[in-house]
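Student: This is the structure alone, sequence omitted:
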């Protein structure tokens, strides 16, 4: 029985699951049965707790911090602002937090990694322009979407390498997203 539950998780495209995911994947309707099953699997080291309600099929130190942050946010989110800007060489300073955009702002720490979530109005948040999904299933802003987002939150933000930015596309995004 345990082998079947782990096999079901191993077949999924990602390694991190919420309690609600486990309930659906394992087809367990009784909440008490679900929690006891999770506790047994943790004790056997078949699954690993990340934080309350969030579990992985591999130890936390083997997980990508981006995936941890993305899965920890309970609503739609995407990686943007400083994280995308630094990853693409538009700012020289490495950010101290991994930054996401979602419907509620938050700051949290998991496994000594700091995460910051900026709040964005639903009409802009759910507009898919300039957002792509990576191989881990994480939604990530393109350079121009990240620049448009950053300027929305900090209109006088300084970019160290603004030659990489397609400013026409940024203005287009700002208009379509309702930032201007």
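Tutor: That came through, no problem. The structure displayed is predicted, hence computed values, not measured ones.

Student: Mind listing what's buried along the lengthiest strand in the chain?
Tutor: Looking across the chain with DSSP state E, the single longest strand is strand 113-119. Within strand 113-119, the residues that count as buried by 16 or more other CB atoms under 10 Å are 115, 116, 117, 118. For glycine as for every other residue, the C-beta is placed from the backbone atoms N, C-alpha and C.

Student: Spit out the contact partners of the third one.
Tutor: Right, residue 117. Residues near residue 117 by CB atoms under 8 Å, 6 or more residues apart in numbering: 73, 77, 99, 100, 101, 102, 104, 105, 106, 107, 108.

Student: beta partners of it?
Tutor: residue 100, residue 106 (DSSP bridges).

Student: Just the pLDDT at it, thanks.
Tutor: For residue 117, the model assigns a pLDDT of 98.

Student: distance of it from residue 87?
Tutor: 17 Å (CB to CB, to the nearest Å).

Student: List the residues that contact the most centrally placed residue in the chain.
Tutor: The residue lying closest to the centre of the chain (CA atoms, centre = their mean) is residue 70, at 1.8 Å. Residue 70 makes contact with 77, 79, 100, 136, 137, 138, 139 under the criterion CB under 8 Å, 6+ apart.

Student: List buried residues within the residues you listed.
Tutor: Buried members of those, counted by 16+ other CB under 10 Å: 77, 79, 100, 136, 138, 139.

Student: Can you tell me what sits against stretch 97-109?
Tutor: Outside stretch 97-109, the residues that reach it (CB under 8 Å, 6+ apart) are 65-66, 69-70, 72-73, 75-83, 113-120, 122, 125, 141, 149.

Student: tell me how far stretch 163-179 is from the chain's mean position?
Tutor: 23 Å (CA atoms, centre = their mean, to the nearest Å).

Student: Can you give me the buried ones in it?
Tutor: Going by neighbour count (16+ other CB under 10 Å), the buried part of stretch 163-179 is 165, 169, 170, 173, 174, 177, 179.

Student: Confirm the fifth one sits in a helix?
Tutor: Yes. Counting by DSSP: H, G, I helix; E, B strand; the rest coil, one finds residue 174 located in a helix.

Student: sorry, back to before: the buried residues of strand 113-119: which two are farthest apart?
Tutor: Among these, the pair separated by the greatest distance (CB to CB) is 115 and 118, at 10.9 Å.

Student: roughly how far apart are the nearest residue to residue 137 once chain neighbours are set aside and residue 55?
Tutor: In this structure, residue 137 finds its nearest non-sequential neighbour in residue 14, 5.5 Å apart by CB to CB, 6 or more residues apart in numbering. Separation of residue 14 from residue 55 (CB to CB) stands at 12 Å.
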